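>>> Below are the sequence and a predicted model; questions follow.
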Amino acid sequence: MNLSALVSQLGLDTEFDPTNPLMYIYIISLAIIPIFMMYGQKMQSKVILGEVSKSLTKLKTMKDNARLDTIDYVRAILPDKADPSARVDKFLEYFTIMPVDMDPSGLVRKVEHVMRTKDERMRAEVRKICPGVDDYELSKVENILEAATALNMIYKVVRHFFLMGKRTTSMFVLVQLQMVMPLLLEEAEALKKAMGAFRNGQPIGDGIGPMVVGRMMLGKEKLQAAKETVYAEGEYAGRRLYLLKAEGPAGTVGRPGEAIQRLVGDLGIRLDAIIMIDAALKLEGERTGDVAEGVGAAIGGIGVEKYQIEDVATRYEIPLYAVIVKQSVQDAITVMRKEISDSFGRVTETVHAVIDDKTTEGQSVLVIGVGNTMGVAQ
């Protein structure tokens, strides 16, 4: 069939024929096009608003439940069973303003000062909320409050962009919010589960580094290297080992950067290698619990500790080696999965292999277990 015959069959080259149904379809199509041109974006915005609204409701439920769980836990451990609601609500609204970075000179010291002030302020508030409670329970409350605060902040930020997009009907704002919402919901769900781990004092995925080093410390004298950070001396294959981790089983990451500065500077310990063990973010498709070896400072956070470790290593020309256990963000802050705990032996073997390959007998090696020591003793 040629084009002329097709046009003729559709009735497009003739006058209106009420008996031809294709003519009605053609007219309706022409009428719908300008409607979609004028109102299509608004209709799409309504659909996106509906989807985001459902996700926002889920976030609000998780945020409210986290707040109630925190209040219930704090009330349960208080000797007088007082109502801590007002103090908990005040804590959830705490914020930190980072220092100006227009002039990078001395920026790390300023960030360190702000973060140290923040940590001390938070601990002081936790002590006010839970007077008379021991340090172990205080660390659990602190971690629970941090998770609840993070959930509260996620909800407030999402609500802000949702209301702004709803008020302005801006497709750019709404589409971006819709795209990141699944990731935010995953993170929120992980934080919710993390609160349960902290409440029960269970090790989390991020604690695999301290767990390995803590095992190496068994039966050895532990000495204070920095605040909430301990070290012990050992031996392996003719090498002198210095083992460093945050002091468990309280939930803390310690101050490994400050500890290294003290060991090498104040105590004058000569190190020939530094090996850091930490959890690392896996890529999609990689298996949880896989162990990898590399070089550099394997430590997360805002960067202060990493800077301090790299500064000492550079100043004294100490090689930095890293052993990581791959896991997702969700795995890192929730109860340690079997795949991660099963990597314990492989991590230890990798650390020993690095010591054998990169050092010789008579040399000294510092092994650092980086991570949160909730439920991990030494």
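Perfect, thanks for sending it. Just so we're clear, the structure is a prediction, and the values are computed from it rather than from any experiment.

>>> And the residue most central in space within the chain, how far from residue 71?
The centre of the chain sits closest to residue 329, judged by CA atoms, centre = their mean, with a distance of 5.5 Å. Distance of residue 329 to residue 71, computed by CB to CB, to the nearest Å: 26 Å. All C-beta atoms are positioned from the backbone trio N, CA, C, and that covers glycine.

>>> now swap in residue 361 and tell me
Distance from residue 361 to residue 71, counting by CB to CB: 57 Å.

>>> likewise residue 377?
29 Å.

>>> Please apply the same query to residue 47.
To residue 71, residue 47 is 37 Å away according to CB to CB.

>>> show me where this structure has helices.
Under the criterion DSSP state H, the chain contains helices at 3-10, 21-77, 85-92, 107-129, 135-168, 171-200, 208-217, 256-261, 304-315, 329-333, 338-341, 344-358.

>>> Go ahead and name everything in contact with the last one.
This points to helix 344-358. Where contact means CB atoms under 8 Å, 6 or more residues apart in numbering, the residues beyond helix 344-358 that reach it are 208, 211-212, 215-216, 236-237, 239, 241, 273, 275, 277, 291, 293, 319, 321, 323, 325, 365, 367.

>>> Now the buried members of those residues.
Those of the contacts of helix 344-358 that meet the buried threshold are 208, 211-212, 215-216, 239, 241, 273, 275, 277, 291, 321, 323, 325, 365, 367, by 16 or more other CB atoms under 10 Å.

>>> Quickly name whichever of the residues you listed is closest to residue 153.
residue 208 (27.0 Å; CB to CB).

>>> Not counting sequence-adjacent ones, nearest residue to that closest one?
residue 325 (4.9 Å; CB to CB, 6 or more residues apart in numbering).

>>> Hmm, residue 286 and that neighbour touching each other?
No. Residue 325 lies out of contact with residue 286 (CB atoms under 8 Å); the separation is 11.2 Å.

>>> show me where pLDDT drops low in the stretch 1-150 of the chain?
Residues of the stretch 1-150 of the chain meeting the criterion pLDDT under 70: 1-24, 26-27, 29-41.

>>> and the gap between the closest residue to residue 292 other than its chain neighbours and residue 210?
Nearest residue to residue 292 in three dimensions, chain neighbours excluded: residue 324, at 5.3 Å (CB to CB, 6+ apart). When distance is defined by CB to CB, residue 324 is 14 Å away from residue 210.

>>> can you check residue 278 too?
Distance from residue 278 to residue 210, by CB to CB: 9 Å.

>>> same question, residue 202
14 Å.
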